[in-house]
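K.L.:
got a predicted structure here, sequence first:
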Amino acid sequence: MNQAQKAINQLIEQTEKNVIGQSHVVKALVMGLLTNGHVLLEGLPGTAKTRSVKSLANLLNTSFGRIQFTPDLLPSDVTGTEVYQERDGKPQLHFQAGPIFNSIVLADEVNRAPAKVQAALLEAMAEGTITVGGETHQLPELFMVLATQNPVEQEGTYPLPEAQMDRFIMKVTVDYPEDEAEREIIRLVRSEELPDESAADNRSEQSTSYHIEPELVIEARRQLPNITVSELVENYIVALVMATRKPERYKDSQLSKWIEIGASPRASIALDKCARANAWLMGRDYVSLDDVRAVLPAVIGHRFSLSYDALADGVSHQRVVEELLDSVEIG
């Protein structure tokens, strides 16, 4: 195990100490880092979505910004704006950068914002740049949007545009914790409230001793292209994605009844990247079929549209992914 792998595994371990019972969320966030992608977390309020992102950002020795999305948010609140200034008696327009110019950006409750704000965020996610006043500004090399959203059935929320959903390399559902995890959460928060100096010193030591340098994340990214992907694995990835576009091929399944619009080529690219990241985290230099199956729900679940029949029958994206795994043969 090389230095980058040790650092990333330590990053996962330390983040999980602060986020109880959500190990799949922590792993997804780290995989987003490794693949230079963005991650969307969906769940009801109080399920540690924001805490997960902040805990990860605190362990990375890099800049962090948070944007609380609201219906009255303006694009300039995200990107920044040009400010009028006088220098040496001469009027000038000076660009004042917004919170999007941090390396780790928490877009909290992203589906409460209007369309113009979503468009500004989409440029940052897709191009790694921001355009203000006709001038394009480059975002940091280590840049990731970690967005949280409430289920769209909640009041005051709006479905994200399909083009923006497709830009998230993974979408992870954050559920309520189980009994034992709930007890651990109570104990963790109680320990954080302790006023005595020893507890404060403990928390200070935990928060400062495990910083990961951004260079190690960049180095980890450079190692992913060296992970071997066999033709068998490539064919399996293609078959899974094509099953969402041509579900009629699988006559013994419900896919043609449930899928209205299939996944784009970004799904294939994301599956390849995330499967390699999963293999790398497991310490292997090759991708197995299990790597593809492990990342499939989070990678493809938000990239296809359900049919009217599926919606009427209460069929979820997760159920369709299960049908994909059951229907698409290996080889």
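P.N.:
Happy to help now that I have it. Residues are numbered from 1 along each chain as shown.

K.L.:
just how off-centre is stretch 39-46 within its chain?
P.N.:
Relative to its parent chain, stretch 39-46 has a centroid offset of 10 Å by CA atoms, centre = their mean, to the nearest Å.

K.L.:
what comes up buried for it?
P.N.:
Within stretch 39-46, the residues that count as buried by 16 or more other CB atoms under 10 Å are 39-43. For every residue, glycine as well, the C-beta is placed using N, CA and C.

K.L.:
kindly export it (C-alpha atoms) in CSV.
P.N.:
What follows is stretch 39-46 as a C-alpha-only set of coordinates in CSV (Å, rounded to 0.1, in the frame of the first residue of the first chain):
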residue,chain,number,x,y,z
VAL,A,39,-21.6,13.9,-5.2
LEU,A,40,-25.2,14.5,-4.4
LEU,A,41,-26.6,13.3,-1.0
GLU,A,42,-30.4,12.9,-0.7
GLY,A,43,-32.1,12.4,2.6
LEU,A,44,-34.5,13.8,5.1
PRO,A,45,-33.3,16.6,7.5
GLY,A,46,-31.1,15.4,10.4
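
K.L.:
quick one: contacts of the helix or strand containing Asp291?
P.N.:
Secondary-structure element containing Asp291, defined by DSSP states H and E: helix 289-300. By CB atoms under 8 Å, 6 or more residues apart in numbering, the residues outside helix 289-300 that reach it are 28, 31, 169-172, 232-233, 236-237, 240-241, 244, 263, 267, 270-271, 274-279, 282, 318, 321, 324-325, 330.

K.L.:
cool, and stretch 167-184?
P.N.:
Outside of stretch 167-184, the residues within contact range by CB under 8 Å, 6+ apart are 20-22, 24-25, 28, 31-32, 35, 37-44, 47-49, 52, 122, 125-126, 147, 165, 185, 266, 270, 273-274, 295, 298-299, 301-302, 318.

K.L.:
now with 7 Å, please.
P.N.:
Applying CB atoms under 7 Å, 6 or more residues apart in numbering, the external contacts of stretch 167-184 come out as 20-22, 24-25, 28, 31-32, 35, 37-43, 47, 49, 122, 125-126, 185, 270, 273-274, 298-299, 301-302.

K.L.:
of the contacts of helix 289-300, just the buried ones, ChimeraX syntax please.
P.N.:
Those of those that count as buried under 16+ other CB under 10 Å are selected in ChimeraX with:
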select :28,31,169,170,171,172,233,236,237,240,241,244,263,267,270,271,274,275,276,277,278,279,321,324
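
K.L.:
hang on, Val145 packs against Asn36?
P.N.:
No: the pair Val145 / Asn36 is not scored as a contact, 11.4 Å apart, by CB atoms under 7 Å.

K.L.:
quick one, which of these two is more surrounded?
P.N.:
A direct count of neighbours by other CB atoms under 10 Å for Val145 and Asn36 places Val145 higher, at 23 against 17.

K.L.:
and the more buried one, which of the three is it?
P.N.:
At Val145, secondary structure determined by DSSP: H, G, I helix; E, B strand; the rest coil is strand.

K.L.:
for it, which non-adjacent residue is spatially closest?
P.N.:
Among residues not flanking Val145 along the chain, His38 sits closest, at 4.2 Å (CB to CB, 6 or more residues apart in numbering).

K.L.:
for that neighbour, what are its contacts?
P.N.:
Shown in contact with His38 (CB under 7 Å, 6+ apart): 32, 125, 144-145, 167-169.

K.L.:
could you confirm Gln96 falls within a strand?
P.N.:
Yes: per three-state DSSP, Gln96 lies within a strand segment.

K.L.:
and it, how many neighbours?
P.N.:
Residues lying near Gln96 (other CB under 10 Å) number 11.
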